[in-house]
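> sequence first, predicted coordinates after that:
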Amino acid sequence: MTFNGKSISAVADIGCALLTCTAILAARAKDEEKRTMINKSTPILHVKAVQNRCVKFWNERFGFKTTIQVPEGDHVGFAAIDNGSVELMYQTS
């Protein structure tokens, strides 16, 4: 019997090979997960304009400190704020 010009056994062999490869890759991925730890993740929020009032809000309301401010022409183009356990970044789009 044939399937698209190939014998059924050849198609079955290809299927078994694909399943084996998938199983090997899945096992490697599990091993990688055990070794890989994310210690910190910082979102970069893209905005039309980084406004001082936004940074001021986080500073005054939640105790964040401004750690980075990068000028872009006559305004701030990038700012990073941090409170020790959480860091946020704002960038002009």
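Received the coordinates, thanks.

> any chance you could list what contacts the strand or helix carrying residue 79?
Assessed by DSSP states H and E, residue 79 sits inside strand 75-82. Here strand 75-82 makes contact (C-beta atoms under 8 Å, 6 or more residues apart in numbering) with 42, 49-52, 55, 58-59, 64-72, 87-92. Where C-beta positions appear, they are placed from N, C-alpha and C, glycine not excepted.

> cutoff 10 Å now
42, 44-45, 47, 49-52, 54-59, 62, 64-72, 87-92 (C-beta atoms under 10 Å, 6 or more residues apart in numbering).

> right, and the helix or strand after that strand?
According to DSSP H and E, the helix or strand after strand 75-82 is strand 87-92.

> which neighbouring elements make contact with that following strand?
Judged by 3 or more C-beta pairs under 10 Å, 6 or more residues apart in numbering; DSSP states H and E, the packing partners of strand 87-92 are strand 44-47, helix 52-62, strand 65-72, strand 75-82.

> domain parsing for the chain?
2-35, 44-92 (automatic domain parsing).

> and those, which one averages the lowest pLDDT?
The weakest mean pLDDT among the domains of the chain belongs to domain 2-35, with a mean of 57.

> ok, back up a step: what's the angle between the strand holding residue 79 and strand 65-72?
160 degrees (axes from the mean of the first three to the mean of the last three C-alpha atoms, to 10 degrees).

> pull out the buried residues from stretch 60-74.
Within stretch 60-74, the residues scored as buried using 16 or more other C-beta atoms under 10 Å are residue 64.

> that one: end-to-end distance?
Stretch 60-74 has an end-to-end distance of 24 Å (criterion: C-alpha to C-alpha, to the nearest Å).

> and the residue lying closest to residue 59 once chain neighbours are set aside, what are its bridge partners?
Spatial nearest neighbour of residue 59, excluding adjacent residues (C-beta to C-beta, 6 or more residues apart in numbering): residue 66 at 6.4 Å. Taking DSSP bridges as the rule, residue 66 bridges to residue 81.

> these two touch, right, residue 66 and residue 52?
Yes. Look at residue 66 against residue 52 with C-beta atoms under 10 Å: they come within range, at 9.4 Å.

> what is in contact with those two at once?
In contact with both residue 66 and residue 52: 59, 76, 79, using C-beta under 10 Å, 6+ apart.
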